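Peer 1: Here's a sequence, model it:
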Amino acid sequence: MRKTLYILSITCLIGFNKRSIGQEKKQIHFLADTINVSSENSILEIGTEGNGAYYMFYCQCLPPYGHGYNLSFAYPKKALNVNEILSIKPDQKYISWKELSKIVTKTKYDFDKQYDFFITEVLPNGYKTNKVRMVKYREPITDSIEIKPNEN
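Peer 2: Modelled structure (predicted):
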């Protein structure tokens, strides 16, 4: 009986280890170039707000739909001074916008659980890479009713 329990517990431990190894986050990199792309052709906006900075993509790929920009990634403002500016583009495999939008549409709000996402921003004097997280939007609250006038 003891031997059976011992073998069973070893088997369970091996199974748990395999499961946790398989759940390692994948790293993906995206090159955000707002300098060499005209504003009419830009797919994203880069800015700062409050205690953080953000990258907002024009993509209606996550609910709530109909708000234009609804795919956003943010990082703490304090990280702005931590990341060094490099004179050459970091040697990474960058995914395309098409690949990124497919991944986001597939994973939805589980994106951060499955991926570590890095955005390399093209600057006038070089390149800066930030590790970002997805901003989750709340569903809009509709706590009103529409009263139609009498048509008499």
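
Peer 1: burial of residue 120, as a residue count?
Peer 2: Using other CB atoms under 10 Å, residue 120 is surrounded by 20 other residues. C-beta: built from backbone N, CA, C; applies to glycine.

Peer 1: three-state assignment of it?
Peer 2: Per DSSP: H, G, I helix; E, B strand; the rest coil, the local secondary structure of residue 120 is strand.

Peer 1: And for the nearest residue to it once chain neighbours are set aside, the neighbour number?
Peer 2: Once flanking residues are discounted, residue 120 sits nearest to residue 129: 4.5 Å by CB to CB, 6 or more residues apart in numbering. Counted by other CB under 10 Å, the residues lying close to residue 129 total 19.

Peer 1: which residues does the residue positioned nearest the centre of the chain bridge with?
Peer 2: Residue closest to the average C-alpha location in the chain (CA atoms, centre = their mean): residue 134, at 3.8 Å. Beta-bridge partners recorded for residue 134 (DSSP bridges): residue 73.

Peer 1: correct me, but it touches residue 72?
Peer 2: Yes - the pair residue 134 / residue 72 is scored as a contact, 7.3 Å apart, by CB atoms under 8 Å.

Peer 1: Do a quick rundown of the strands in the chain.
Peer 2: Using DSSP state E, the strands of the chain run over 26-32, 44-49, 52-58, 69-76, 94-95, 115-123, 126-134.

Peer 1: show me where pLDDT drops low in this structure?
Peer 2: In the predicted model of the chain, residues 1-22, 60-70, 77-83, 137-140, 152 satisfy pLDDT under 70.

Peer 1: can we see that at 50?
Peer 2: When residues are selected by pLDDT under 50, those of the chain lie in 5, 17-20.

Peer 1: if we can go back for a sec, return the distance of the residue nearest to residue 120 relative to residue 28.
Peer 2: To residue 28, residue 129 is 12 Å away according to CB to CB, to the nearest Å.

Peer 1: What of residue 48?
Peer 2: Residue 48 sits 23 Å away from residue 28, going by CB to CB.

Peer 1: quick one on the thing from earlier: overlap in contacts of residue 129 and residue 28?
Peer 2: Taking CB atoms under 8 Å, 6 or more residues apart in numbering as the criterion, residue 129 and residue 28 both touch residue 118.
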